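# Okay, predicted coordinates and the sequence, questions at the end:
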Amino acid sequence: QVQLVESGGGLVQAGGSLRLSCAASGRTFSAYAMGWFRQAPGKEREFVASINGSGRSTYYADSVKGRFTISRNNVANTAYLQMNSLKPEDTAVYYCAAGRSWLATRRLVEYDYWGQGTQVTVSS
């Protein structure tokens, strides 16, 4: 079992920045990949970024590449999503997720545990 708690969401103007955190407990943190997904009203949950267990391999959705950075601290058992140059279309509930294995993946079905979500709202 893995428990995940997100924090750091909020309201920001377009062009601003936010940093999301995801604190994990349960299994050995470095043993599994971490991912960030988001879901806007009326839309399906979509992949944002993922990072492997060691933190050396990352993947990003094209829509956030160059603006968002995923990272992890395996001592603090926490994953992060630094979001810069935010746009109104980034508005969504953001979820962190723990993967089934050490390998980072974009596939939603490869993540077994999910946080409760944190709202990010970007005003124009």
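Ah, there it is. Because the structure is a prediction, the values reported are computed rather than measured.
# Does L103 touch A33 like I think?
Yes: judged on C-beta atoms under 8 Å, L103 makes contact with A33 at a distance of 5.9 Å. In this view, the C-beta of every residue, glycine as well, is placed from N, C-alpha and C.
# The two: which is more packed in?
Under the neighbour definition other C-beta atoms under 10 Å, L103 and A33 were set side by side, and A33 has more, 26 against 13.
# Just grab the bridge partners of the nearest residue to the more buried one once chain neighbours are set aside for me.
Spatial nearest neighbour of A33, excluding adjacent residues (C-beta to C-beta, 6 or more residues apart in numbering): G99 at 3.5 Å. Counting by DSSP bridges, G99 is bridged to Y111.
# dump the residue contacts of G99.
Y32, A33, M34, G35, S50, T105, E110, Y111, D112 (C-beta atoms under 8 Å, 6 or more residues apart in numbering).
# contacting residues for the fourth one?
The reference is to G35. G35 makes contact with F47, V48, A49, S50, I51, C96, A97, G99, A104, T105, R106, Y111 under the criterion C-beta under 8 Å, 6+ apart.
# Mind checking which of these are buried?
With neighbours counted using 16 or more other C-beta atoms under 10 Å, those contain these buried positions: F47, V48, A49, S50, I51, C96, A97, G99, A104, T105, Y111.
# Only alpha carbons, please: show stretch 42-57 as CSV.
Only the C-alpha atoms of stretch 42-57 are listed here, as CSV (Å, rounded to 0.1, in the frame of the first residue of the first chain):
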residue,chain,number,x,y,z
GLY,A,42,-15.6,17.5,-18.7
LYS,A,43,-12.4,15.9,-19.9
GLU,A,44,-10.6,12.7,-19.3
ARG,A,45,-7.6,12.4,-16.9
GLU,A,46,-4.4,13.0,-18.9
PHE,A,47,-0.7,12.4,-18.4
VAL,A,48,1.4,15.4,-17.4
ALA,A,49,4.9,14.0,-16.4
SER,A,50,6.6,11.0,-14.9
ILE,A,51,9.9,10.1,-13.3
ASN,A,52,11.5,6.8,-12.6
GLY,A,53,12.5,5.5,-9.2
SER,A,54,16.0,6.9,-9.2
GLY,A,55,14.9,10.3,-10.6
ARG,A,56,17.3,10.1,-13.6
SER,A,57,14.6,9.5,-16.3
